[in-house]
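Engineer: model this:
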Amino acid sequence: VSPEGLKRQPREVPLQVLTGDAALDATLTSTSYAIDGVNSPDGNVELNLGGNEKKTITFSIRDAASGLDVSKKLVFDSNSYTVDLELTIKRGDQVVPAKLKLGPSIGDQGIKYYTFYSVAPEAIVALGDKVERHTAMSINENSSSPDRLILGGAVDWAAVGDTYFAMVAIPSKRLEGLEFRTVQYDHQANGAPEKRYLVQAIVPVPTDGSKTVVYVGPKDHFILTEDSQHISAAVGRPIDLEGVIDYGWFTWLSRPIAIPILKAIRWLHRLTNSYGVAIILFTIVIYSLFFPLKWRSSKAMKKAQKLAPRMKELQEKIKGMKQTDPKLKELQMEQLRLMKEGNPLGGCLPLLIQMPFLFALYRAITISLDFRQASFLWLPDLSAGDPIHILEFLMAGTMIILQLITPAPSADPMQRKMMAIGMPLFMLYILWSAPSGLVLYWLVGNIVGFTQQFLINHWTKSDDAEVPEPPPAKGAQKRKKKVDATASG
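Structural biologist: Below is the predicted model:
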């Protein structure tokens, strides 16, 4: 829970109940609840559950004068990150509708500053078969209703979460009336102010004693999958809480690949007892599997590089020729033949096949809870950036070397050097402060790629001589024969 929320008066805490009736809400906020199930003289409760143990705590208010009867029953289970909530609010015999507050800003409160790789607490909701995400900034800057976002439609579940953790409410009945609220405040990050936001979900829940399941825990695929099965049985409809995980724009592609990747890295971790070593071994295996594609790509690039001067020469000739020139068709046919023989796309296509896999691997490393606070060598946390940035510079340096020895379609040495320097510098900028587990994968991939490219260059030396020189034009052949005949006469 955000410490900023606890500082405010009244305190912003999870599981508060709002009815929309100002007088009733004031009563619910200011009145001391009777607590049943634990001994708590001062109101503070700390639960320590053993294996397979459950604990029930009930908070209640009963006012005979107004007929108000409020009961908030919480059932905790030591085997799960879920809590069963049964909320009852009545005035006499009439059930009072209400909403449950999630947040504010559930997540890792120790992050010094948020980056592209560390997501600030955001609003997440499942409406029908669609999952929506709304950043706190977008809610805060909502032009029609600043600091407030009201969503129509029946809510399957709603959540507030950051990169690794979430708080989710799953009502037993789909109800309408969900809203998200934000409050902006200034946070001092490395001596400079950073805009941050308290984001809360105000979730409509049944108040007739029906069950609402609240999940508070990590956004881990394996945990969420297991708990989703139990929650589905509890609320009587299929629930997929893995929607709280952000797999990126291409979820349909990266999610099916990222999950086997996580299983493989977990298996390697069981063998090595180190997630750093597991990433290294996994990278070596993956690059070995893609070695045939790299071989084909390098051969295609070399051939394209060999034919590049002739292709440029033909382009210059064709550019200055008229459409009625009889030699135009002949040169165009030769150009098509060379494009077929030395098509650089033949080298790019095998690499493109790898892209969905690499994208999924990036997602797996950046969202997996397994790497959080896992140390390796000088790296204190594989889910955070290298504090002294050695890894980033090693990655950029090895990438420069790899670029210099990798064949490219262009034969222009200046252009090749620009690419060899420019691309690594661009990646250094992109991966600066990225999770060190991801940068470690990239660094090891560069080293393995360098070794593979060195072997390919050595084994394909003879292929350079086998690339045939383009035959001279027919007109040149005739002129040559004429000169030979004159010389022999």
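
Engineer: gap between the strand or helix carrying Leu224 and the chain center?
Structural biologist: Element membership for Leu224, per DSSP states H and E: helix 221-235. Distance of helix 221-235 from its chain centroid, counting by Cα atoms, centre = their mean, to the nearest Å, is 22 Å.

Engineer: swap in stretch 167-186?
Structural biologist: Taking Cα atoms, centre = their mean, the mean C-alpha location of stretch 167-186 is offset from the chain mean by 23 Å.

Engineer: next, the buried residues of that stretch.
Structural biologist: Buried residues in stretch 167-186, counted by 16 or more other Cβ atoms under 10 Å: 167-174, 177-183. (Glycine included, C-beta is placed from N, CA and C.)

Engineer: same check on stretch 125-142?
Structural biologist: Neighbour-count burial for stretch 125-142, counted by 16+ other Cβ under 10 Å, picks out 125-127, 131, 134-137, 139-140, 142.

Engineer: spell out the residue ranges of the helices in the stretch 51-200 of the chain.
Structural biologist: In the stretch 51-200 of the chain, the segments counted as helices under DSSP state H, counting those that start in this stretch are 136-140.

Engineer: output the below-cut-off pLDDT ranges for this protein.
Structural biologist: 1, 40-43, 109-113, 189-190, 299-354, 407-413, 415-416, 461-489 (pLDDT under 70).

Engineer: show me which residues of the longest strand along it are buried.
Structural biologist: Counting by DSSP state E, the longest strand found in the chain is strand 192-205. Applying a neighbour-count criterion of 16+ other Cβ under 10 Å, one finds 196-205 buried in strand 192-205.

Engineer: likewise stretch 93-100?
Structural biologist: 96, 98-100.

Engineer: again with stretch 210-229
Structural biologist: In stretch 210-229, counting by 16+ other Cβ under 10 Å, buried: 211-224, 227-228.

Engineer: return the closest of these with respect to Tyr287.
Structural biologist: Nearest to Tyr287, judged by Cβ to Cβ, of the buried residues of stretch 210-229 is His221 at 24.4 Å.

Engineer: that closest one and Pro260 touch, don't they?
Structural biologist: No: the criterion here is Cβ atoms under 8 Å, and His221 misses it with Pro260 at 10.8 Å.

Engineer: can you show me the CA trace of stretch 134-146 as PDB?
Structural biologist: Extracted C-alpha coordinates of stretch 134-146, given in PDB (Å, rounded to 0.1, in the frame of the first residue of the first chain):
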ATOM      1  CA  HIS A 134      -5.500   2.900 -18.000                       C
ATOM      2  CA  THR A 135      -2.400   4.700 -16.800                       C
ATOM      3  CA  ALA A 136      -2.800   6.900 -13.700                       C
ATOM      4  CA  MET A 137      -1.600   9.900 -15.800                       C
ATOM      5  CA  SER A 138      -4.300   9.400 -18.400                       C
ATOM      6  CA  ILE A 139      -7.000   9.300 -15.700                       C
ATOM      7  CA  ASN A 140      -5.500  12.400 -14.000                       C
ATOM      8  CA  GLU A 141      -5.400  14.300 -17.300                       C
ATOM      9  CA  ASN A 142      -8.900  13.200 -18.400                       C
ATOM     10  CA  SER A 143     -10.300  16.400 -20.000                       C
ATOM     11  CA  SER A 144     -13.900  15.500 -19.500                       C
ATOM     12  CA  SER A 145     -13.500  14.500 -15.800                       C
ATOM     13  CA  PRO A 146     -10.000  15.000 -14.400                       C
END
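
Engineer: which other residues reach it?
Structural biologist: By Cβ atoms under 8 Å, 6 or more residues apart in numbering, the list of residues contacting stretch 134-146 from outside reads 105, 120-125, 147-149, 180-182, 184, 195, 197-199.

Engineer: strands of the stretch 101-250 of the chain, start to end?
Structural biologist: Remark: strands assigned in the stretch 101-250 of the chain by DSSP state E, counting those that start in this stretch are 122-127, 130-135, 148-151, 155-161, 165-171, 178-189, 192-205, 208-218.

Engineer: how far is the fourth one from where the chain is centred?
Structural biologist: Centroid separation for strand 155-161 versus its chain: 19 Å, with Cα atoms, centre = their mean.

Engineer: by contact count, what packs against that strand?
Structural biologist: Contacts defined by 3 or more Cβ pairs under 8 Å, 6 or more residues apart in numbering; DSSP states H and E place strand 155-161 against strand 98-102, strand 122-127, strand 165-171, strand 192-205.

Engineer: as JSON lines, those with distance to Ser30 would be great.
Structural biologist: Listed next are the helices and strands packed on strand 155-161 as JSON lines, based on distance: least, Cβ to Cβ, whole Å:
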{"stretch": "strand 98-102", "distance to Ser30": "16"}
{"stretch": "strand 122-127", "distance to Ser30": "28"}
{"stretch": "strand 165-171", "distance to Ser30": "24"}
{"stretch": "strand 192-205", "distance to Ser30": "19"}
